[in-house]
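1. Just need the structure, nothing else, for what follows:
(one chain, ligands or ions: 1)
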Amino acid sequence: MSSKKYNMWLQYQPILNTTCKKHYQKMLTTLYVNGNAPTIQSAEQELTDAIFTMLGQRITSKSDMDHATIVIGNIEEISSLLSNDHIARLAEMNEEGYLVIENQGKIIISGNSDAAVLYGVHHLLRNMQLEQDLISLAVFEQPKNQFRMLNQWDNLNGSVERGYSGKSIFYQNGKIVKDKTRIKDYARYLSSVGINAISINNVNVWEEESYFITKKYLPEIREIADIFRAYGITLYLSINFASPMTIDGMSTADPLNQSVQNWWKDKIAEIYHYIPDFGGFIVKADSENRPGPFTYNRDHADGANMLAKAFEPYGGKVIWRCFVYNHLQDWRDRTTDRARAAYDHFKPLDGKFHENVILQIKNGPMDFQVREGVSPLIGAMPNTNQMIEFQVAQEYTGQQIDLCYLLPQWKQILQFDTYIKGAGTTIAEIVAGTIHTYKYSGIAAVSNIGGDDENWTGNTLAQANLYGYGRLIWNPDLSAEEIAQEWIVQTFGNKKEVSNTLGEMLLNSWEIYENYTAPLGVGWMVTPGVHYGPNIDGYEYSKWGGTYHFADRDGVGVDRTKETGTGFTTQYAEPNQNLYNDVSKCPDELLLFFHHVPYKYTLKNSKTIIQHIYDTHFKGFEQVEDLIKKWDSLADLIDEERFKNVQNRLKQQKNNAREWRDQINTYFYRKSGVADKQNRAIY
Ligand code: GCV
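-> Numbers count the residues shown, from 1 in each chain. Take a look at the predicted model:
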C-alpha cells in the first residue's frame, strides 16, 4: 500500500526546488552505517528509501566512514569524526538524545542509543522534506519527556472504541491480523515523531482479550513487539484486573491474597519469556464496570503494587489509570461531583505506590471535553510517578468529521501553571519529571488511527493531530503553528498558499468547534453514548435523570465553589483555587465549568452569558462556511483524493454546526426568555 493518503507525513515527495535538490544530490551519495541492531537497520532503510524517492538516486554503502558522505551509528566507533565539544554535548543528553551535524560536506548522525540514531535520521529527512539547508547543520536534540506513549483502544473483534477511522489495524474478526505490514508502517510513522511506547489493546479488557497474557496469544503478540522494537517502541498490554478469575477460574482477584500474587508473578514471568523487553501493563480498574481492588475493600495502591512487585525483576512498569469515578452517582443534589473523583481517590495515596508504578491522569477532571479545567491531581502527588493522558482520537471534539486541530488545546494545558511548588510549576515541567523528580513520567494519549480507510485517520486533516502529538511531547516548546507548518509541508508539499490557508484553518479550528458546541467550559451536551451531535440535556447515565449543565429558567453552569457548590475548586493550589472559586475572577472560557450564573451575568468580554451563547453559535456556523471556502480555494493545489476527503467532511461539519447552533440557541432562548439583541432567527 502506498498512496498519498496512506503515506501521511512521510510522503518523501521528489524535491521540486532545483537548487535544493542539486545541493542534496551532491551531498548525499554514500552511506556508512555503524551497528546492525534492528533500530539501526530501520534507520538505514528509511534513509535509503527516502533519499531515493526525494532525490531519485540510490545511495551506495561504504565500508569505511572516511569515504562516506553520510555516517550513521552509535557513538563509539564514529567518535573520531566528532569534536570533543560534540562528544561532550552528547554525553550531557539523555539516552534518546542525538546529534545531526555537517562537517566538511559529511553528514554525521549519532546518538546515545540506537533509537536515538533513528530519531536523528528522521530529523535529517524532515529537514529535507522542508527543503532546508544542510550546510553547517549542528543539531543536538533530546526529548523532554521520558514516556511518549500511545494507547490503542482496539478490540479483538476488529472494532476500535471511540475509533473514527474504521477497523483496527491489529485485529480482525476475533484474531490478530496475519499480514502485519500496516503495523510496521504505523511503527514507522510513530518513530518519525519520537513515540517510544504503545499499548495495543483497549483499556476496557473484555473476556477474550483477557487471554492476551496467555500462550494462546503471546506468540503472535511477540511478533508485534518485534515490529515495534525495530522502531524504538516498547510494547505494553492492557489487562483485566480480575484475570486470575477470568483466565484460571480462581475464586478471587484480591490483591492481598497470596495465591493471587503468585498467579501474577508466574504470569508476568511467562510474558517475559516471550517478550524480554515487555513494557508492562496499563490498568483501568474500578471504573465504568471494570473490576478492581475496591471489590475487596483494598485501595488502588494495593492493586497497583501487587502487579508492580511482580514486574520488579524485569524492569516492567504498571501504568495505572486514575479515571476512577462512580458512573452511577446521582449528582442532582450537587453534593457529589465526578470532577472531584480522581483527586479524592488518589491524592490520599501519595507515596504508597511502588517506584515502577506510574499514574496516568486524564488532562481534565471530567473527560476530554472541548474545554475543561486542567486536572488538579497532576502535580499534587510529589511522591508518586505521574503521566498525563491526552486524547488524539476526537471523541468529544468532532470525531474526525469536524476539523479540530488539538495542538492549541494541548499547548494550553502543558503551559498551565499549577503553582504547586510556586510559580513556574507548569504541567509541562511536572510530567517531564523536573518538579518532583519522578523516576518515570511523561505523556500518553489515545490514538486516532484505524485501517479501513487507507488514510489512517478518516479525515486526512486529523493526521495533523497524530503528528503534532508526537512532536509536541518530544519538544513542548514547539508552537502549535510551527508544528502545523511542518506537517502541512511534509503532507502536501511546499506550497505557500497551502501553508497559509491550511495553517489558518487548523489553528482556528478548536475555537470554531467550541463556538458552535457547548459554551464556556460547561462541556457535554452531546448525544449520550455516541458523543457526537447535540443533545443538550443528554445525560450519560439517565437512570437518575439530570443534566451536565444544570440550566434552568434563571441560569446555567455547575457550581463547583467551596461555599455553595461541590468544593472542587479546593483541589487547586493557590492562587488558582481563588481564581476559579471567585466568580468575578474566573476566566470566561471556564465560567460555566466552575459557576452557576444567571443568563444576564456579564462576562469579562462585556457580553451577557445569553448573548455570548447566541453570538458564538451564529459565528461558529459562519466560520465553518468560511473553512469550506478556504479549503475549496486549494482545489488545484491538492490531489483530488485527499481534497475530496476533506471537502466531504467539511460538508458534514457544516450540517453538524447548523444543528448545534439551532438547538443550542433555541434551547437557551426557551429557557431564558431573553431575545437575541441582533434579532437573528432562532429556530
Ligand atoms: C475506554 C470515556 C469513553 C470510554 C472510555 C473511557 C476511558 O468514558 O467514553 O469509551 O473507555 O472514557 O477512558 O476509560
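2. mind listing what residue 583 touches?
-> 561, 591, 594, 595, 597 (C-beta atoms under 8 Å, 6 or more residues apart in numbering). From N, CA and C alone the C-beta is placed, and that goes for glycine too.
3. between those residues, which has the most around it?
-> Neighbour counts for the contacts of residue 583, by other C-beta atoms under 10 Å, peak at residue 594, which reaches 28 neighbours.
4. still on that earlier bit, which member of the contacts of residue 583 is positioned nearest the ligand?
-> Minimum distance to the ligand across the contacts of residue 583 is 21.9 Å, recorded for residue 594 (C-beta to the nearest ligand atom).
5. Make TSV from the contacts of residue 583 and add secondary structure, distance to residue 670 and pLDDT to it.
-> Below are these laid out as TSV (DSSP: H, G, I helix; E, B strand; the rest coil; distance: C-beta to C-beta, whole Å; pLDDT from 0 to 100):
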residue	secondary structure	distance to residue 670	pLDDT
561	coil	28	97
591	helix	21	98
594	helix	25	98
595	coil	22	98
597	strand	18	98
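6. export those residues to TSV and tack on distance to residue 14?
-> Compiled in TSV, the contacts of residue 583 are given as follows (distance: C-beta to C-beta, whole Å):
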residue	distance to residue 14
561	60
591	52
594	53
595	56
597	58
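7. If we look just around the ligand, which residues of the stretch 351-500 of the chain are in range?
-> Proximity of the stretch 351-500 of the chain to the ligand (C-beta under 6 Å from any ligand atom) is limited to residues residue 367.
8. Could you rerun that using 8 Å?
-> 362, 367, 368, 389, 395, 446 (C-beta under 8 Å from any ligand atom).
9. With the stretch 501-650 of the chain instead?
-> So the stretch 501-650 of the chain meets the ligand at residue 531 (C-beta under 8 Å from any ligand atom).
10. Mind pulling up the pLDDT for the closest residue to the ligand within the stretch 501-650 of the chain?
-> Nearest to the ligand in the stretch 501-650 of the chain, going by C-beta to the nearest ligand atom, is residue 531, at a distance of 6.4 Å. On the pLDDT scale, residue 531 is placed at 97.
11. Are we agreed that it is in a helix?
-> No: counting by DSSP: H, G, I helix; E, B strand; the rest coil, residue 531 is not found in a helix; it is coil.
12. In this structure, what helix or strand scores lowest on average pLDDT?
-> helix 75-78 (a mean of 83; mean pLDDT, DSSP states H and E).
13. contact partners of the next helix-or-strand element following it?
-> Sequence order places helix 84-92 as the next helix or strand after helix 75-78, per DSSP states H and E. The contact list for helix 84-92 (C-beta under 8 Å, 6+ apart) reads 75, 79, 82, 97, 98, 99, 101, 110, 111, 112, 140.
14. Tell me which stretches of the stretch 251-400 of the chain form strands.
-> Counting by DSSP state E, counting those that start in this stretch, the segments of the stretch 251-400 of the chain that form strands are 280-283, 317-321, 357-362, 386-391.
15. Turn those into JSON lines, columns for mean pLDDT.
-> Listed next are the strands of the stretch 251-400 of the chain as JSON lines, based on pLDDT from 0 to 100:
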{"stretch": "strand 280-283", "mean pLDDT": "98"}
{"stretch": "strand 317-321", "mean pLDDT": "98"}
{"stretch": "strand 357-362", "mean pLDDT": "98"}
{"stretch": "strand 386-391", "mean pLDDT": "98"}
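16. Redo those strands as JSON lines? Include mean neighbour count and distance to residue 608.
-> Listed next are the strands of the stretch 251-400 of the chain as JSON lines, based on neighbours: other C-beta atoms under 10 Å; distance: least, C-beta to C-beta, whole Å:
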{"stretch": "strand 280-283", "mean neighbour count": "26", "distance to residue 608": "45"}
{"stretch": "strand 317-321", "mean neighbour count": "26", "distance to residue 608": "40"}
{"stretch": "strand 357-362", "mean neighbour count": "26", "distance to residue 608": "32"}
{"stretch": "strand 386-391", "mean neighbour count": "25", "distance to residue 608": "32"}
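17. related to what we said a few turns ago, what are the buried residues along the least confident helix or strand of the chain?
-> Residues 75, 78 are the ones in helix 75-78 that count as buried (16 or more other C-beta atoms under 10 Å).
18. other SSEs contacting it?
-> strand 30-34, strand 106-111 (3 or more C-beta pairs under 8 Å, 6 or more residues apart in numbering; DSSP states H and E).
19. starting at the chain centroid, how far to the first one?
-> Right, the one you point to is strand 30-34. Relative to its parent chain, strand 30-34 has a centroid offset of 35 Å by C-alpha atoms, centre = their mean, to the nearest Å.
20. Please enumerate the helices of the stretch 101-250 of the chain.
-> Taking DSSP state H, counting those that start in this stretch as the criterion, the stretch 101-250 of the chain contains helices spanning 114-129, 181-192, 218-229, 243-248.
21. Also the stretch 501-650 of the chain?
-> Counting by DSSP H, counting those that start in this stretch, the helices of the stretch 501-650 of the chain are 576-581, 591-594, 609-632, 640-672.
22. sorry, back to before: ok, which of the helices and strands packed on helix 75-78 comes nearest residue 16?
-> Counting by C-beta to C-beta, residue 16 lies closest to strand 106-111 out of the helices and strands packed on helix 75-78; the figure is 21.6 Å.
23. hmm, who's touching the closest one?
-> 27-28, 43, 68-75, 78, 81-82, 90, 96-102, 116-117, 119-121, 123-124, 134, 137.
24. What of stretch 56-74?
-> So stretch 56-74 is contacted by 14, 25, 27-35, 40, 43-44, 47-48, 51-52, 77-78, 81, 105-114, 117, 120-121 (C-beta under 8 Å, 6+ apart).
25. so the residue nearest the centre of the chain, which of the three states?
-> The residue lying closest to the centre of the chain (C-alpha atoms, centre = their mean) is residue 445, at 3.1 Å. Secondary structure assignment for residue 445 (three-state DSSP): strand.
26. thought it was touching residue 147?
-> No: using C-beta atoms under 8 Å, residue 445 makes no contact with residue 147, being 11.0 Å away.
27. Just give the closest residue to the residue nearest to the centre of the chain, not the sequence neighbours.
-> residue 390 (4.0 Å; C-beta to C-beta, 6 or more residues apart in numbering).
28. same check, this time on residue 429
-> Counting by C-beta to C-beta, 6+ apart, residue 429 lies nearest to residue 435, which is 5.1 Å off, once chain neighbours are set aside.
29. For the ligand, see how far away the one you found is.
-> 25 Å (C-beta to the nearest ligand atom, to the nearest Å).
30. give the contact list for that residue.
-> 379, 420, 421, 425, 429.
31. Name the helix or strand for the last one, please.
-> Residue 429 belongs to helix 427-431 when assigned by DSSP H and E.
32. Name the nearest residue to residue 413, ignoring sequence neighbours.
-> Nearest to residue 413 is residue 363, by C-beta to C-beta, 6+ apart, at 5.0 Å.
33. Residue 649 is in contact with residue 401, isn't it?
-> Yes: contact criterion C-beta under 8 Å: residue 649 and residue 401 qualify, at 5.3 Å.
34. shared neighbours of those two, anything?
-> Joint contacts of residue 649 and residue 401 (C-beta under 8 Å, 6+ apart) are 458, 459.
35. OK, contacts around residue 8?
-> 189, 455, 456, 463, 466, 467, 491.
36. is it true that the second one lies in a helix?
-> No: counting by three-state DSSP, residue 455 is located in no helix; its state is coil.
37. where does the nearest residue to it once chain neighbours are set aside fall, helix, sheet strand or coil?
-> Nearest residue to residue 455 in three dimensions, chain neighbours excluded: residue 5, at 3.5 Å (C-beta to C-beta, 6+ apart). Following three-state DSSP, we place residue 5 in the coil state.
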